[in-house]
Each structure stands twice: as structure tokens, then as C-alpha cells.
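Student: Here is a sequence together with a model predicted from it:
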Amino acid sequence: MIASLQMYDWPEVRQATDQLWQGIARHLGAPVPLSRPDDYTAPWFRDDLLLAQTCGYPFTHALKGKVSYVATPHYAADGCAGPNYCSIVMAREHKPLAAFRDGVAAVNTPDSMSGMLALKLVFTPLAEAGRFFSRAVETGGHVASLAAVQSGEADVCAIDCVCIAMAKRYRPAVLEGLVEIARSPSVPGLPWITRAGDPQAIRRALQAAFAHAELQAPRTALLLHGFSVLPVSTYDRITDLEDQMERSGGLQLL
């Protein structure tokens with residue numbers, strides 16, 4: 001089987017990710033090493049997936065009905081409230097959102113809740129016939145989106161608030177010269193999922209790992225302080241927001 005926890009697995013916290021997973025795997029009785037493929041989305045689609053973390057957008061779209069929900073982690077980050085989180089819209093200067101009309105948006109990937117849909121939700125009320133920005137650039141990741149705005153390649157980007165918190169702690173330079181101009185609506189955070197595992201058994205292993213004193217340091221490094229088991233229908237908020245946005249005219253990005 002395969003396990004992959006790459007969504008917030010920055011190089012600065014990679015050792016902490018390994019330690020946390022080793023604790024979970026030990027309590028689960030599954031000595032499976034973590035995988036870090038170049039295509040971080042690939043494990044989500046494997047039948048032998050034991051545990052992974054995915055974004056809420058693929059969870060409610062490409063993965064819907066194909067994976068089993070396990071739990072939703074809680075992060076100690078500004079913008080998080082229990083299992084919920086938001087995106088923070090960043091720019092080089094603080095000015096009214098309307099002033100960014102005909103600017104350039106940086107988007108991490110087309111199937112991202114935090115970097116794509118969140119940006120649409122913030123700017124759709126200002127769109128005319130589905131248009132607001134002159135164009136969008138796809139960067140491939142949140143840190144790259146921040147770099148695009150810093151360099152002037154783009155004017156705005158929406159960044160997962162957990163990534164902002166990690167950047168403040170581990171890479172403050174990527175935020176230099178940038179300011180917050182808006183926040184997206186709050187939605188359920190990035191869920192842990194499985195295909196080949198037993199969700200109940202994994203939850204018990206998570207509970208044991210989170211209660212283990214020796215794993216406090218890696219949890220702190222990863223900003224993790226708990227998790228919730230939500231009704232899967234809670235994630236309908238993502239598709240509901242998307243549907244409301246599209247009915248109001250939507251916003252073209254990529």
C-alpha cells in the first residue's frame with residue numbers, strides 16, 4: 001500500500017511529516033513508508049492508497065465517490081477555525097478590490113480550492129460578463145504564486161491560510177512586500193482520505209498518535225493541533241459556493 005502526505009510537506013517540515021506518519025503507522029500496524037512522487041496527486045487515484053491528504057476541490061469533484069473520507073485536521077493558523085479554513089488574497093499594495101480590474105491573477109492549479117476557486121469567489125461580485133482580470137498565469141504552487149506577485153508577473157493571488165502561516169514561520173522572505181487585501185469564504189479544510197484502508201481504524205490510529213507526547217514536537221512543527229470527523233456532506237459547501245458563483249455569472253481565470 002501507499003501513503004502520501006504532501007499537501008503541506010514543505011522541506012522545512014519533512015522530518016516532522018515523517019515522524020508523524022511513523023507514529024500513525026505504528027498505531028495502525030501498517031509499516032508503510034511515506035511516498036513523495038513528483039505528481040503529488042497520483043496517490044489519490046491508486047486503489048492501494050492507505051492514507052493521503054487531498055484538496056477539498058478534487059475531493060468534491062474528481063475524487064467524489066472514489067475515496068473514503070477519514071478526517072479533517074485542525075491547524076494553528078490565522079484563518080483557521082477548527083476544521084475550517086480560508087484563503088488569503090495577497091497583493092503588492094493594499095487598495096480596493098475593484099482597482100485590480102484588468103490586472104493579472106496568479107493561480108496555483110486549475111483544480112485548487114484555495115488558489116483557484118477562492119480567488120473566483122472573492123472577485124466574481126466585481127466581474128462583468130465573467131471577466132475581471134486581463135489574464136491569469138498558472139504557477140503550479142502557492143509559493144510560486146507568491147513569487148509571481150512579488151516579481152510583478154502577477155498582481156494578486158489567493159493563498160491557503162495554512163501556507164501563509166507556514167511561510168511566516170519558515171520562509172518569511174516569500175511574503176516580503178506583500179499585503180493581505182481580502183479573505184475568501186471559510187470552507188472545510190483539506191481532508192485525509194483512503195481507498196484501501198479502514199477509515200475507523202485510521203481514525204483510532206490518528207487519535208492515538210495525536211495523544212502521544214513524543215509526537216507533540218512534529219505536530220507543532222506542522223501546525224497541527226487536532227482533527228474532526230465531519231459528515232461528508234459538510235464538503236457540499238464547496239460545490240454550493242461554486243454553484244452560487246456560476247449562477248451569478250462566474251469568473252473566467254484559466
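Tutor: Structure's in. What do you need?
Student: As a check, name the ranges of all helices in the stretch 151-254 of the chain.
Tutor: Along the stretch 151-254 of the chain, the segments classed as helices by DSSP state H, counting those that start in this stretch run 161-170, 199-211, 216-221, 236-247.
Student: Reformat the ones you listed as CSV; add mean neighbour count and distance to residue 63.
Tutor: Using the backbone N, CA and C atoms, a C-beta is placed for each residue, glycine as well. Formatted as CSV, the helices of the stretch 151-254 of the chain follow (neighbours: other CB atoms under 10 Å; distance: least, CB to CB, whole Å):
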stretch, mean neighbour count, distance to residue 63
helix 161-170, 20, 20
helix 199-211, 17, 14
helix 216-221, 16, 26
helix 236-247, 14, 12
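Student: With distance to residue 78 as new columns, can those be given to me in TSV?
Tutor: Output for these, formatted as TSV (distance: least, CB to CB, whole Å):
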stretch	distance to residue 78
helix 161-170	6
helix 199-211	22
helix 216-221	16
helix 236-247	20
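Student: between those helices, which gets nearest to residue 126?
Tutor: Proximity of the helices of the stretch 151-254 of the chain to residue 126 was assessed by CB to CB; the nearest stretch is helix 236-247, lying at 12.2 Å.
Student: on contacts alone, who are the packing partners of the closest one?
Tutor: Contacts defined by 3 or more CB pairs under 8 Å, 6 or more residues apart in numbering; DSSP states H and E place helix 236-247 against helix 56-60, helix 118-123, strand 187-188.
Student: a markdown table please, covering these and showing mean neighbour count and mean pLDDT.
Tutor: Shown next, in a markdown table, are the helices and strands packed on helix 236-247 (neighbours: other CB atoms under 10 Å; pLDDT from 0 to 100):
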| stretch | mean neighbour count | mean pLDDT |
| --- | --- | --- |
| helix 56-60 | 23 | 98 |
| helix 118-123 | 25 | 98 |
| strand 187-188 | 24 | 98 |
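Student: Ok, which of the helices of the stretch 151-254 of the chain comes nearest residue 49?
Tutor: Evaluated with CB to CB, the helices of the stretch 151-254 of the chain place helix 199-211 nearest to residue 49, the distance being 11.2 Å.
Student: Does the closest one pack against any helices or strands, and if so which?
Tutor: helix 14-28, strand 68-75, strand 192-194, strand 224-228.
Student: Below-threshold pLDDT in the stretch 101-250 of the chain: ranges please.
Tutor: Applying pLDDT under 70 to the stretch 101-250 of the chain picks out no residues at all.
Student: Turn the helices and strands packed on helix 236-247 into TSV, including distance to residue 14.
Tutor: Shown next, in TSV, are those (distance: least, CB to CB, whole Å):
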stretch	distance to residue 14
helix 56-60	23
helix 118-123	26
strand 187-188	26
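Student: With respect to residue 158, which of those lies nearest?
Tutor: Of these, the one closest to residue 158 (CB to CB) turns out to be helix 118-123, at 3.9 Å.
Student: I appreciate the help and will end here.
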